[in-house]
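Sequence plus the predicted model coming up.
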Amino acid sequence: MNNNKTLFIIVGPTASGKTDVAFQLALQLKTEIISADSRQIYIELGVGANKPPADYLDTIPHHFINHVSIFEKYTAGDYGEEARDLMAQLFKHHDFLIMVGGSGLYIHSAIYGLDPIPSVPSHMRHYLETLLITEGLDHLVNMLQEKDPYAIQIVDTKNPPRVIRALEVCLYTGKPYSQFLSSFRKEHPIVPYNIVWLGILEERHILYERINRRVDKMVFRGLIEEARLWYPYNHLYALRSHGYQEFFPFFAGRYSSQKAIELVKRNTRRYAKRQYTWFRRYPVKWLPREQIVPYALSLL
């Protein structure tokens with residue numbers, strides 16, 4: 001363990017203010033920020049990814065923002081390897097670094113690593129994607145329940161790509177998907193730094209109000225127009241997330257723009273709830289937003 005090097009990991013649900021907190025702490029520590037956000041990493045995504053403002057990016061170096069294209073295959077495993085390499089380089093010049101984001105699998109991959117999951121032929125995914133369209137998500141969830149009951153507890157069953165990923169591994173290998181996730185039972189990081197987990201605690205009704213207001217602001221800034229721009233590419237993994245996917249049925253004439261906006265708000269609130277659930281498995285110190293930076297500085 002390199003006791004002279006400390007990584008602060010700032011987590012919390014979407015719209016809780018992680019970006020601002022990380023920026024303020026980076027200013028105090030005169031260091032750099034490693035983003036752990038599975039949408040901000042994409043170059044083409046703008047309003048819907050809610051990236052840090054330009055003045056933040058100009059003032060403090062932010063890594064893994066606008067890092068890859070939506071047309072590239074990029075996994076949590078790729079992020080983990082690149083993040084560990086980056087930390088090794090940055091810690092040569094800094095005693096402190098800040099990792100911030102709500103993408104739990106990205107953070108887990110960087111800190112604990114991921115067990116290798118077998119590659120699956122594309123025809124298997126195509127079969128399941130067709131089944132999703134014809135039979136619905138509940139049918140795939142029931143299939144996964146039968147193949148791997150434990151996976152139901154750790155896979156987001158409201159997220160079609162996650163369900164398909166787990167199910168395709170089960171079908172192709174003949175083994176439970178959860179068997180390949182032993183890394184989630186690891187108790188010790190694989191990185192040789194002090195790790196300080198800090199989480200932003202927010203009352204639910206206040207957080208939901210923040211989410212609703214943020215979605216309204218994103219719509220005002222052009223979220224619908226951006227989603228329409230990427231509608232021809234809605235099959236891409238990067239676009240299968242809340243904030244984009246809700247508008248695609250609207251463009252197809254299945255419901256109104258107002259319903260799409262309400263669905264974005266609802267799905268974002270649900271995502272925030274799942275984020276809290278995810279990060280409970282880690283040794284996070286949960287504090288109100290305004291206490292995070294003072295508390296972090298008190299540890300130095």
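Good, I have the coordinates.

okay, now residue 103: neighbour count?
Other residues within reach of residue 103 by the criterion other CB atoms under 10 Å amount to 20. Yep, even glycine has a C-beta here, placed from its N, CA and C like the rest.

Run the chain-centre distance for the lowest-mean-pLDDT helix or strand in the chain.
When the helices and strands of the chain are scored by mean pLDDT, DSSP states H and E, helix 151-154 comes last with a mean of 74. Distance of helix 151-154 from its chain centroid, counting by CA atoms, centre = their mean, to the nearest Å, is 18 Å.

List the buried residues in it.
For helix 151-154, burial by neighbour count (16 or more other CB atoms under 10 Å) applies to 151, 152, 154.

leaving aside the residues next to it on the chain, what's closest to the second one?
So the one you mean is residue 152. Excluding the flanking residues, the one nearest residue 152 by CB to CB, 6 or more residues apart in numbering is residue 145, at 5.4 Å.

Over to residue 156?
Using CB to CB, 6+ apart and skipping the chain neighbours, the partner closest in space to residue 156 is residue 162 (4.9 Å).

Burial check on that neighbour, number of neighbours?
Neighbours of residue 162 under the rule other CB under 10 Å: 17.

For this protein, give me the ranges with low pLDDT.
Applying pLDDT under 70 to the chain flags the ranges 1-3, 181-187.

Could you list the domains of it?
Per automatic domain parsing, the structural domains of the chain span 2-116+189-204+284-298, 122-180, 206-272.

From residue 11, how far out is the nearest residue to residue 12 once chain neighbours are set aside?
The shortest distance from residue 12 to any non-neighbouring residue, by CB to CB, 6+ apart, is to residue 200 (3.5 Å). Separation of residue 200 from residue 11 (CB to CB, to the nearest Å) stands at 8 Å.

Could you say which helix or strand holds residue 6?
Assigned by DSSP states H and E, residue 6 falls within strand 2-11.

what does residue 140 give?
According to DSSP H and E, residue 140 maps onto helix 137-147.
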